[in-house]
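*Asks:* Just need the structure, nothing else, for what follows:
(one chain, ligands or ions: 2)
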Amino acid sequence: MAVISGVTGQDGSYLAELLLQKGYAVHGLVRRASTLNRQRIDHLRNDPSTRGRFHLHYADLGDTESLIAVLTAVQPDEVYNLAAQSHVGISFRMPTYTGEVTGLGTVRLLEAVRTLCPGARFYQASTSELFGKAKEIPQNERTPFHPRSPYAVAKLYSYWATVNYREAYGMFAVNGILFNHESPRRGENFVTRKVTRAVAEIVAGRRESVALGNLEARRDWGYAGDFVDAMWRMLQQEEPRDYVIGTGESHSVRELAETAFGEVGIELEWEGEGVDETGRDARTGEIRVTVDPAYFRPAEVDFLLADPSAARRDLGWRPRVTFTELIRMMVRADLEVLGVTA
Ligand code: NAP
Ligand code: G4F
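*Replies:* Residues are numbered from 1 along each chain as shown. Ligands and ions are numbered 1, 2, ... in the order given. This next block holds a predicted model:
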């Protein structure tokens with residue numbers, strides 16, 4: 001029996017799918033909103049094979065009592081804490097709220113687990129953003145942290161809270177330090193999905209171009225479906241330990257744009273510099289990419305690249321989907337949503 005906070009998010013939906021396939025009963029936490037936002041998990045709710053094994057409970061990481069109520073009722077064997085205000089750029093606009101949910105929210109859940117079901121195994125969704133202004137390339141479990149955003153600072157608090165509950169109370173509590181992972185279910189305002197969606201809309205004739213921020217930032221982008229498997233593997237180990245999960249390959253935002261447009265036969269040609277730089281369709285000359293400083297961050301994370309060798313060795317985990325396959329999958333999915341082909 002597993003509890004997943006953040007089940008309506010990208011990772012929560014893939015993890016729920018995986019655990020249900022493995023025969024688990026899955027209890028997802030959902031927060032109240034004035035409109036239902038369960039598109040990523042609707043297929044699981046309507047699937048006859050999961051009937052009676054997939055349950056949703058109203059709870060919020062800002063509300064201790066709701067967490068206590070769910071854990072008391074469910075008494076899970078595993079708890080995956082995936083809920084967060086997860087957007088780095090937006091965390092600069094909402095630092096206090098981000099700290100409240102992404103930082104303190106973890107302690108609310110850890111404390112509820114400690115008091116109500118201390119034998120449950122706890123997974124914390126830690127992040128490569130912890131490395132921030134990275135001290136070395138690639139980054140592994142021993143690389144020092146230097147967070148660069150309110151989001152990363154909040155995640156640092158959660159990281160150490162998880163380590164502390166392990167050391168102080170002997171709980172099986174671990175951090176997955178996950179590098180960026182994407183999918184067709186990725187939120188529309190993260191850069192991969194923003195680009196693949198824009199490409200599809202351009203093909204559909206619904207827009208002309210996409211405005212981006214820092215084109216030089218580099219990320220180690222993998223496929224979310226692969227990464228949730230690593231989360232599960234971490235909770236099946238004999239000893240609780242934190243792991244870096246990533247592909248070991250890094251690409252710039254510029255390369256991401258080139259790959260996504262290349263997928264629909266548009267070769268980008270760059271000209272100009274800084275905020276005046278544009279990416280044109282090499283064949284037609286039409287501007288497809290512009291730079292808008294509104295998307296620059298007050299402090300940037302320039303270069304993330306994972307060294308996932310410990311996960312490979314101990315968990316037997318390897319990513320299956322390559323960067324190019326991932327972007328192709330996302331572009332194809334966004335084209336399909338719009339009913340167009342390229
Ligand atoms: P996501 O799509 O933004 O999903 C976040 C989830 O958290 C959603 O289900 C959201 O609910 C829920 N949530 C937000 N605030 C909440 C609150 N106050 N109480 C309860 N639930 C709340 O994020 P993701 O990409 O799936 O990432 C999952 C986790 O991994 C996050 O903690 C993220 O920070 C971390 N992480 C992600 C990556 C990545 O590249 N994707 C890498 C490293 C770490 P609503 O649907 O109602 O908004
Ligand atoms: O897609 P992003 O917003 O992801 P970011 O900031 O790396 O954070 C994601 O991955 C983290 C793991 O490392 C997670 F912890 C976190 O929850 C989230 O899932 O931005 C990626 C890069 C950044 O350098 C950003 O400055 O792309 C750059 N970028 C350039 N133009 C843009 C844009 N980012 C966004 N969101 N939108 C742009 O227009």
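
*Asks:* use CA for all of it now, contacts and neighbours both
*Replies:* Will do.

*Asks:* Could you say which helix or strand holds the closest residue to Tyr169 other than its chain neighbours?
*Replies:* Spatially, and ignoring its direct neighbours in sequence, Tyr169 is nearest to Arg114 (7.9 Å; Cα to Cα, 6 or more residues apart in numbering). Arg114 is located in helix 105-116, with elements delineated by DSSP states H and E.

*Asks:* mind listing what's buried in that helix?
*Replies:* 105-114, 116 (16 or more other Cα atoms under 10 Å).

*Asks:* which one of those is nearest ligand 1?
*Replies:* Looking at the buried residues of helix 105-116 and their distance to ligand 1, the nearest is Gly105, at 7.4 Å (Cα to the nearest ligand atom).

*Asks:* Backbone torsions only: list them for Ala306.
*Replies:* With angles defined as degrees, to the nearest 10, Ala306 sits at phi -90, psi 150.

*Asks:* Bridge partners for it, pull those for me.
*Replies:* Beta bridges link Ala306 to Gln139, judged by DSSP bridges.

*Asks:* how close does it get to Glu136?
*Replies:* From Ala306 across to Glu136, the span is 10 Å (Cα to Cα, to the nearest Å).

*Asks:* Neighbour count for the two, which is higher?
*Replies:* Neighbours per residue, other Cα atoms under 10 Å: of Ala306 and Glu136, the larger number sits with Ala306, 25 against 13.

*Asks:* Kindly provide the distance from the spatially most central residue of the chain to Gln10.
*Replies:* Central residue of the chain (Cα atoms, centre = their mean): His181, 5.5 Å from the mean position. Counting by Cα to Cα, the gap between His181 and Gln10 amounts to 9 Å.

*Asks:* where does Asn46 land on pLDDT?
*Replies:* Each residue has a pLDDT score; the one for Asn46 is 88.

*Asks:* neighbours around it, how many?
*Replies:* If you count neighbours by other Cα under 10 Å, Asn46 ends up with 11.

*Asks:* tell me the contacts of it?
*Replies:* Contact partners of Asn46, counting by Cα atoms under 8 Å, 6 or more residues apart in numbering, are absent.

*Asks:* Check Arg148 too.
*Replies:* Applying Cα under 8 Å, 6+ apart, we find Arg148 in contact with 129-130, 132-133, 299-301.

*Asks:* hmm, the least confident helix or strand in the chain by mean pLDDT in reach of ligand 1?
*Replies:* Here the helix or strand of the chain ranked lowest by mean pLDDT, DSSP states H and E is helix 42-45, holding a mean of 95. No - Helix 42-45 is not in contact with ligand 1 by Cα under 6 Å from any ligand atom; minimum separation 12.5 Å.

*Asks:* Using CSV, write down the CA coordinates of that helix.
*Replies:* The C-alpha coordinates for helix 42-45 follow below in CSV (Å, rounded to 0.1, in the frame of the first residue of the first chain):
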residue,chain,number,x,y,z
ASP,A,42,-8.2,10.1,-15.3
HIS,A,43,-7.2,7.0,-17.3
LEU,A,44,-6.3,5.3,-14.0
ARG,A,45,-9.6,6.2,-12.3
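
*Asks:* If you count neighbours, what's buried in stretch 83-97?
*Replies:* Using 16+ other Cα under 10 Å as the test for burial, stretch 83-97 gives 83-86, 88-92, 95, 97.

*Asks:* Most widely separated two among those residues?
*Replies:* Maximum pairwise distance in these, criterion Cα to Cα, is 18.3 Å, between Ala83 and Phe92.

*Asks:* now the strands: where do they sit in the stretch 201-342 of the chain?
*Replies:* Ranges of strands within the stretch 201-342 of the chain are 210-212, 218-219, 222-223, 243-245, 251-252, 268-271, 278-281, 287-291, based on DSSP state E, counting those that start in this stretch.

*Asks:* Select, out of these, the one closest to Gln39.
*Replies:* Between Gln39 and the strands of the stretch 201-342 of the chain, the tightest spacing by Cα to Cα is seen for strand 222-223, at 19.2 Å.

*Asks:* Please state the offset of the closest one from the chain centre?
*Replies:* Relative to its chain's centre, strand 222-223 lies at 10 Å (Cα atoms, centre = their mean, to the nearest Å).

*Asks:* Show me what it is packed against.
*Replies:* Helices and strands touching strand 222-223, by 3 or more Cα pairs under 8 Å, 6 or more residues apart in numbering; DSSP states H and E, are strand 181-182, helix 323-338.

*Asks:* now what about the helix holding Arg114, what contacts it?
*Replies:* Around helix 105-116, the neighbours that count as contacts under Cα under 8 Å, 6+ apart are 61-62, 64, 67-68, 71-72, 75, 81, 120, 122, 124, 158, 161-162, 165, 169, 171.

*Asks:* Quick check: chain neighbours aside, which residue is closest to the closest residue to ligand 1 within the stretch 151-300 of the chain?
*Replies:* The stretch 151-300 of the chain approaches ligand 1 most closely through Asn180 (3.3 Å), counting by Cα to the nearest ligand atom. When the adjacent residues along the chain are set aside, Asn180 lies closest to Trp221, with 4.9 Å between them (Cα to Cα, 6+ apart).
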